[in-house]
Every structure is written in structure tokens, then in C-alpha cells.
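Student: give me a model of this one.
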Amino acid sequence: MEWDRIESNWTQFKGSAKQQWGKITDDHLDMVAGERDALLGKIQKYYGITREQAEGQLSDWQGRQNEGQFAG
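Tutor: Numbers count the residues shown, from 1 in each chain. Okay, here's the model as predicted:
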């Protein structure tokens, strides 16, 4: 799934992001507002991981959002 679709529908994807990264608060997810780099920074900060590790997690999560769109 293209990131611009996630960003433009952030309220729909925010719950899934919260499930994936529970240390990130709802308020922080609201501030992220679907901006990929902002979410990447929050993942790094709250999980104490490198940018590369956070990028991997985010890419995996993004790919799973695609699967969810076509399930059912």
C-alpha cells in the first residue's frame, strides 16, 4: 500500500499502529497525523532502536495494511 493512502486515511490506520507499537500514546499518534517520518521517529524514541530497525518494522506494518484491505 502506498504511504499517501495511509496518511490520507490515518484515522482508519491509527488503531492498527497502536496495536503494533503500544508504547506510543494516542496523543502521539494524533500528532503524527499519518506522517511517515514522524511515526518513524516515535518508533525509534519509544523503542530505543535504530532508524534502520524502525524502518524495517514500519515497512512490515505497511505491507500488512495491504493484506488487511483485501482480506475477507
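
Student: low-confidence ranges, this structure, go.
Tutor: Scanning the chain for pLDDT under 70 picks out 68-72.

Student: helices of that one, start to end?
Tutor: Using DSSP state H, the helices of the chain run over 3-8, 10-20, 26-32, 36-47, 51-70.

Student: any idea which of those is most buried?
Tutor: helix 36-47 (a mean of 16; mean count of other CB atoms under 10 Å). Yep, even glycine has a C-beta here, placed from its N, CA and C like the rest.

Student: contacting residues around it?
Tutor: Contacts with helix 36-47, where a contact means CB atoms under 8 Å, 6 or more residues apart in numbering, come from 3, 6-7, 17, 21, 23-24, 28-29, 31-32, 49-51, 53-55, 57-58.

Student: for the residue nearest the centre of the chain, which non-adjacent residue is closest in space?
Tutor: Central residue of the chain (CA atoms, centre = their mean): residue 17, 4.6 Å from the mean position. Leaving out its chain neighbours, the residue that sits closest to residue 17 by CB to CB, 6 or more residues apart in numbering is residue 29, at 6.0 Å.

Student: now swap in residue 50 and tell me
Tutor: Nearest to residue 50 is residue 44, by CB to CB, 6+ apart, at 7.2 Å.

Student: ok, back up a step: report the contact partners of the residue nearest to the centre of the chain.
Tutor: Going by CB under 8 Å, 6+ apart, the list of residues near residue 17 reads 24, 29, 39, 61.

Student: can I get those in CSV including distance to residue 67?
Tutor: Shown next, in CSV, are these (distance: CB to CB, whole Å):
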residue, distance to residue 67
24, 22
29, 21
39, 19
61, 11
